[in-house]
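Peer 1: predicted model, plus sequence, below.
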Amino acid sequence: MTFRWTLALALLAPTPALAQTPEQRAERVLAASPVIDGHNDLAWAIREAGSTLPPDLTKSTAALPYPFQTDLPRARAGHLGGQFWSVYVPAELHGDEAVRVTLEQIDLVRRIVAAHPQMALAGTAAELRAGMRAGKLTGMMGAEGGHQIAGNLAALRLYHALGVRYVTLTHFKSLAWADSSTDAPRSGGLSDFGRAVIAEMNRIGMIVDVSHTSDATAIAAIALSRAPVIASHSGARAVTNVPRAMPDEVIRALAAKGGVVMVSFYEGHVSNAWAAWDKARTAYAASVGVKADIYGPKAPAPLVAWEAAHPAPVVTARDVADHVEQIARVGGKGAVGIGADYEGIAGNAPAGMGGVDGYPALFAELARRGWSDAELAGLAQGNVLRVIEAVEATAKASAGMPPGTAALVE
């Protein structure tokens, strides 16, 4: 009887970590520490699909006529607990129009959340933690480009009041006050107004985001900010040599100030081979006069034929893990997080990571490479929560400072 009782207890006991497969370890860690993802463009994807109504996220959205990468069943399967919802508007929009459309996008995110009791919005790290503990997909919002404030600090403050918790300083185009990584410089880093924007973000408790910015703008923003800075959806340039990726110099500076680089899953950001394939595909599209921003069977017929003759290189979780590890080598494992950029990547995600159920594949790969449970938990949520709390502490320490009044002079 003693032997049989001991055997029964052994079978019921949790599997020791060393005996678990990498996949089992990933599931266990993420069940306790769900992912907080730095960037998801669902609101703009809905708008591009021709709708202003929130889709039913309680069912799979993968097979809709205009498929999405995000829904609640896949979020649960992928252990997605927290999400920064992008309230992106195109960089071509300026002034009052940029502000108007940003407000529409904020309203859409709020309506998406209101339509789903399984979701919540948070204004603080404490609320984010509480929402995740309650089992809800809990979000904050991020504005993806300084053009969205239209040179007006009042707009910045009002976005914060409506729940926006980071602003990406630029998008694809340079501004009069900050430079983009994919456009000619205009300010040489940050102008006087750009420095005023950083100061006001610190004062009110808004995270400075340097994804999309030029190296000079990123370095200037990191040096100036009194709070840690993030790159909400970027990668390591030492692994994939594209302008949108962070060079070691920027990673090192960001990490030294307590910031986090949140790694994108976009194939063009994580694989040199895929980026070269896409460059060739784009050149072919231009030569035949069709748009190159739609992929797969719904692309223009000449591109469907071209893709059949020139299959895309296969990208996997291993490629994403290479970026995570490079950032960790340069800045430490506390300087890296997840910013998949789902819904903003035209469906181009690594194999097995095509939607928000894809995070465990990356965590299993890193477990395979020797990452500890604590390090995986930091990558999933701990590192970015630390940044949010530090930004809040900076705002609290700034309570006596008056609102900024700087005006943009172009």
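Peer 2: Cool, got the structure.
Peer 1: name the helices or strands packed onto the longest helix seen in the chain?
Peer 2: In the chain, assigned by DSSP state H, the helix with the most residues is helix 95-114. Under the contact definition 3 or more C-beta pairs under 8 Å, 6 or more residues apart in numbering; DSSP states H and E, helix 95-114 sits against helix 42-48, strand 119-121, strand 137-144, helix 153-161. Backbone N, C-alpha and C define where each C-beta goes, glycine included.
Peer 1: contacts for that helix, please.
Peer 2: Around helix 95-114, the neighbours that count as contacts under C-beta atoms under 8 Å, 6 or more residues apart in numbering are 42-44, 46-47, 52, 54, 57, 85, 87-89, 93, 119-121, 139, 141, 143, 147-150, 152, 155, 159, 162-164.
Peer 1: which residues touch Leu121?
Peer 2: Listed by C-beta under 8 Å, 6+ apart, the contact set of Leu121 reads 109-110, 113, 138-141, 163.
Peer 1: hmm, back to that, only alpha carbons, please: show the longest helix of the chain as CSV.
Peer 2: Only the C-alpha atoms of helix 95-114 are listed here, as CSV (Å, rounded to 0.1, in the frame of the first residue of the first chain):
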residue,chain,number,x,y,z
GLY,A,95,-3.2,69.1,-38.6
ASP,A,96,-6.8,69.0,-37.6
GLU,A,97,-7.5,65.9,-39.9
ALA,A,98,-4.8,63.9,-38.1
VAL,A,99,-6.3,64.8,-34.7
ARG,A,100,-9.9,64.0,-35.9
VAL,A,101,-9.0,60.6,-37.2
THR,A,102,-6.9,59.8,-34.1
LEU,A,103,-10.0,60.6,-32.0
GLU,A,104,-12.0,58.3,-34.2
GLN,A,105,-9.5,55.5,-33.6
ILE,A,106,-9.5,56.1,-29.8
ASP,A,107,-13.2,55.9,-29.9
LEU,A,108,-13.1,52.6,-31.9
VAL,A,109,-10.7,51.0,-29.5
ARG,A,110,-13.0,52.0,-26.6
ARG,A,111,-16.0,50.6,-28.4
ILE,A,112,-14.2,47.3,-29.1
VAL,A,113,-13.4,46.9,-25.4
ALA,A,114,-17.0,48.0,-24.4
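Peer 1: run the chain-centre distance for it.
Peer 2: Going by C-alpha atoms, centre = their mean, to the nearest Å, the spacing between the C-alpha centre of helix 95-114 and its chain's C-alpha centre is 19 Å.
Peer 1: buried stuff in that helix?
Peer 2: By neighbour count with 16 or more other C-beta atoms under 10 Å, helix 95-114 contains the buried residues 98-99, 101-103, 105-106, 108-110, 112-113.
Peer 1: cool, and stretch 335-342?
Peer 2: 335-342.
Peer 1: does Arg226 touch Thr394 like I think?
Peer 2: Yes - applying C-beta atoms under 8 Å as the test, Arg226 and Thr394 come out as touching, 5.3 Å apart.
Peer 1: which residues do the two both contact?
Peer 2: Common neighbours of Arg226 and Thr394, using C-beta under 8 Å, 6+ apart, are Asn202.
Peer 1: still on that earlier bit, among the buried residues of helix 95-114, which two are most distant?
Peer 2: Farthest apart among the buried residues of helix 95-114 by C-beta to C-beta are Ala98 and Val113. That separation is 23.1 Å.
Peer 1: distance of the residue nearest to Ile207 when sequence neighbours are not counted relative to Thr138?
Peer 2: Leaving aside its chain neighbours, Ile207 sits nearest to Tyr166 (3.8 Å; criterion: C-beta to C-beta, 6 or more residues apart in numbering). Tyr166 sits 16 Å away from Thr138, going by C-beta to C-beta, to the nearest Å.
Peer 1: count residues in the vicinity of Leu42, would you?
Peer 2: Using other C-beta atoms under 10 Å, Leu42 is surrounded by 26 other residues.
Peer 1: so who does it touch?
Peer 2: 68, 70, 85-86, 112, 342-343.
Peer 1: against Gln83, how distant is it?
Peer 2: Separation of Leu42 from Gln83 (C-beta to C-beta) stands at 9 Å.
Peer 1: right, and the helix or strand after the lowest-mean-pLDDT helix or strand in the chain?
Peer 2: One helix or strand of the chain scores below all others by mean pLDDT, DSSP states H and E: helix 2-12, with a mean of 38. The first helix or strand that comes after helix 2-12 along the chain, using DSSP states H and E, is helix 22-32.
Peer 1: and that following helix, how far from the chain's centre?
Peer 2: Its chain's average C-alpha position is 21 Å from that of helix 22-32, according to C-alpha atoms, centre = their mean.
Peer 1: now do the buried residues in it.
Peer 2: Neighbour-count burial for helix 22-32, with 16+ other C-beta under 10 Å as criterion, is recorded at 22, 25-30.
Peer 1: isn't Trp274 up against Thr316?
Peer 2: No - the criterion here is C-beta under 8 Å, and Trp274 misses it with Thr316 at 10.9 Å.
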